[in-house]
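Engineer: sequence and predicted structure below; questions after.
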Amino acid sequence: MPRIALLSLVVVLTCATGALAARGDPQKRIVPADQTRARAMLLRQGDLAPGFTATAPTAGSDAYCGALDGSDLTLTGEAKSPLYAAAGVFASSLAQVYETVADSNAAWRRGTSRAGERCARDALARQFGSRGLGVQSFRRVAFPRIAEKSVAYRLVVAAQGLRVYVDVVVLRQGRAQAAAVFGSALAPFPKDVEVRLARLVEQRARTAMGGSP
């Protein structure tokens, strides 16, 4: 599971948009041009149906996962959208730009390995268990291929006797990685809407990284 996917799940289900704890984070050497690229990839309120409202960021959370440790890698851009919510559903997005394609590739390989996905599953169970929430399942799910590489996961969490379904779609475009996150209580988020919004993120990532190595 790419680190950005783990970050996005923690961000959404704890209503936080802070970074993970410093332990294991990539080094940050923010470059204005790459910061602009990262922001340009995000979902916007106008992408969603009327009635969605934006939730302001709150504190960050610690979800360290050794197999996803990226402390030897470098980010030059990083951005997060607000959490958009309406009537029991929500959506959010994150984007990261690495200093080099090699760094982006390394992060992707670690994240999509069996060890990375297993480590992420354990980290999520700890994270939500500490809040009285139970992770019922976590697995890869089928999703149309977008960008150079993409992968999708579904997390099902038990909260106060209800199930919350959270899907995260992660894509890689050169030095960039982005995640679109969709959540819903009782039943999964509509698949056609997920596909449409994920493709928007992909198109924006491709445009933002156009001409960039």
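Structural biologist: Perfect, thanks for sending it. Numbers count the residues shown, from 1 in each chain.

Engineer: from now on I want contacts and neighbour counts done on CA atoms only, so please keep to that.
Structural biologist: Will do.

Engineer: from Q203, how far off is the residue of the chain most remote from its centre?
Structural biologist: Most distant from the centre of the chain: G161, at 25.5 Å, with distances by CA atoms, centre = their mean. G161 is 38 Å from Q203, where distance means CA to CA, to the nearest Å.

Engineer: cool, N105 as well?
Structural biologist: Per CA to CA, N105 is found 20 Å from Q203.

Engineer: same check on G129?
Structural biologist: From G129 across to Q203, the span is 36 Å (CA to CA).

Engineer: same question, L83
Structural biologist: L83 is 21 Å from Q203, by CA to CA.

Engineer: looking at the two, which one has more neighbours?
Structural biologist: Ranked by neighbour count (other CA atoms under 10 Å), L83 and Q203 place L83 first, with 24 against 16.

Engineer: wait, the more buried one sits on A54?
Structural biologist: Yes: assessed by CA atoms under 8 Å, L83 is found in contact with A54 at 5.6 Å.

Engineer: list of residues touching the helix ranked longest in the chain?
Structural biologist: Looking across the chain with DSSP state H, the single longest helix is helix 191-209. Contact partners of helix 191-209, identified using CA atoms under 8 Å, 6 or more residues apart in numbering, comprise 37-38, 40-43, 47, 143-144, 146-147, 169, 171, 173-176, 178, 180, 182.

Engineer: pull out the buried residues from it.
Structural biologist: Applying a neighbour-count criterion of 16 or more other CA atoms under 10 Å, one finds 194-195, 197-206, 208-209 buried in helix 191-209.

Engineer: can I get the residues you listed in CSV with distance to A187?
Structural biologist: Output for the buried residues of helix 191-209, formatted as CSV (distance: CA to CA, whole Å):
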residue, distance to A187
E194, 14
V195, 17
L197, 18
A198, 19
R199, 22
L200, 23
V201, 23
E202, 25
Q203, 28
R204, 28
A205, 29
R206, 31
A208, 34
M209, 35
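
Engineer: redo these as JSON lines? Include pLDDT.
Structural biologist: Formatted as JSON lines, the buried residues of helix 191-209 follow (pLDDT from 0 to 100):
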{"residue": "E194", "pLDDT": "97"}
{"residue": "V195", "pLDDT": "97"}
{"residue": "L197", "pLDDT": "97"}
{"residue": "A198", "pLDDT": "97"}
{"residue": "R199", "pLDDT": "97"}
{"residue": "L200", "pLDDT": "97"}
{"residue": "V201", "pLDDT": "97"}
{"residue": "E202", "pLDDT": "97"}
{"residue": "Q203", "pLDDT": "97"}
{"residue": "R204", "pLDDT": "97"}
{"residue": "A205", "pLDDT": "96"}
{"residue": "R206", "pLDDT": "95"}
{"residue": "A208", "pLDDT": "97"}
{"residue": "M209", "pLDDT": "95"}
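
Engineer: from these, which single one is nearest T100?
Structural biologist: Within the buried residues of helix 191-209, the smallest distance to T100 is 12.3 Å, found for M209 (CA to CA).

Engineer: thinking again about what came up before, show only the entries of the contacts of helix 191-209 found in strands.
Structural biologist: 169, 171, 173, 176, 178, 180, 182 (DSSP state E).
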